[in-house]
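Colleague: My questions are about this predicted structure, shown below with the sequence.
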Amino acid sequence: MELTAVYTIIGFLLFGMIVIKINKKYLVKEKKLEWNQLKVYKERQRFYNMTPRDFEFYVAAFLQITREFKTQVTQASKDGGKDIIAYDGKEKIYVEVKHWKGNVGRPAIQKLEGAMSADRVKRGYFITSSGFTKDALAYANKTNITLIDGNELIRQMHS
C-alpha cells in the first residue's frame with residue numbers, strides 16, 4: 001500500500017473521531033437543555049395545579065429561601081393591594097402575587113405602587129406564575145417594584 005493511501009486512511013479516521021466527539025458534546029448539551037425544559041414544564045404544571053392561595057404561600061417560601069426575608073401572608077381578600085408583607089431587616093416590603101395564565105398588565109403594577117405609596121413602603125415585588133406585558137415592564141422600570149415572572153421564579157428557586 002502506498003504511503004499517501006495510509007495517510008489518507010488515517011486522516012479519514014481522525015476526522016471521523018473528531019466528528020463523533022463534536023456530535024457527542026452536542027448531544028450532551030441537547031440532553032441538558034431537554035432536561036431543563038422538562039424541569040421548567042413540570043414546575044409550571046405544579047403552579048397551575050395550585051390554588052391562588054397556595055401560590056401565595058409558595059411565593060412567601062420562595063422569598064424566605066432566596067432573599068432571607070421574613071414573610072407574612074395577608075388575609076385572602078381585602079388585603080389592601082398586597083398579598084405578602086416581607087421584611088428585610090426592619091424594612092417593610094409589599095409583595096403582590098398573581099396566579100394567572102395570562103400576562104399581568106400595567107394597572108396591576110400601579111395598584112401595588114398605590115398601596116406602597118399610601119403606606120409609605122419604599123420597595124415592592126410583583127410575582128406571577130405567568131408573565132408581564134411590555135407596558136407593565138416599562139412602567140415597573142420607573143418604580144421601585146421588582147418583577148418576577150414564572151420562568152424567573154422557577155430559575156431562582158432551582159439555582
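Modeller: Received, thanks.

Colleague: name the helices or strands packed onto the helix or strand harbouring A60?
Modeller: Using DSSP states H and E, A60 sits in helix 52-67. Contacts defined by 3 or more C-beta pairs under 8 Å, 6 or more residues apart in numbering; DSSP states H and E place helix 52-67 against strand 70-73, strand 84-88, strand 91-98, strand 123-128, helix 150-157. For the C-beta atoms, the positions are set from N, CA and C on the backbone; glycine is no exception.

Colleague: What residues of the second one count as buried?
Modeller: Put plainly, it is strand 84-88. Residues I84, I85, A86 are the ones in strand 84-88 that count as buried (16 or more other C-beta atoms under 10 Å).

Colleague: so can I have a markdown table of those showing distance to R53 and pLDDT?
Modeller: Converted to a markdown table, those look like this (distance: C-beta to C-beta, whole Å; pLDDT from 0 to 100):
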| residue | distance to R53 | pLDDT |
| --- | --- | --- |
| I84 | 12 | 96 |
| I85 | 16 | 96 |
| A86 | 17 | 97 |
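
Colleague: Tell me the one of those residues nearest K111?
Modeller: Nearest to K111, judged by C-beta to C-beta, of the buried residues of strand 84-88 is I84 at 14.7 Å.

Colleague: which ones are touching W100?
Modeller: W100 makes contact with T128, S129, S130, according to C-beta atoms under 8 Å, 6 or more residues apart in numbering.

Colleague: Give me the number of neighbouring residues for A140.
Modeller: Neighbours of A140 under the rule other C-beta atoms under 10 Å: 21.

Colleague: Quick check: which of the helices and strands packed on helix 52-67 is buried the most?
Modeller: Among those, strand 123-128 has the highest mean neighbour count (mean count of other C-beta atoms under 10 Å), at a mean of 24.

Colleague: And the contacts of the helix or strand following that one?
Modeller: The C-terminal neighbour of strand 123-128 among helices and strands, as given by DSSP H and E, is helix 134-140. Helix 134-140 is contacted from outside by N103, V104, G105, R106, A108, I109, Q110, F126, F132, T146, L147, using C-beta under 8 Å, 6+ apart.
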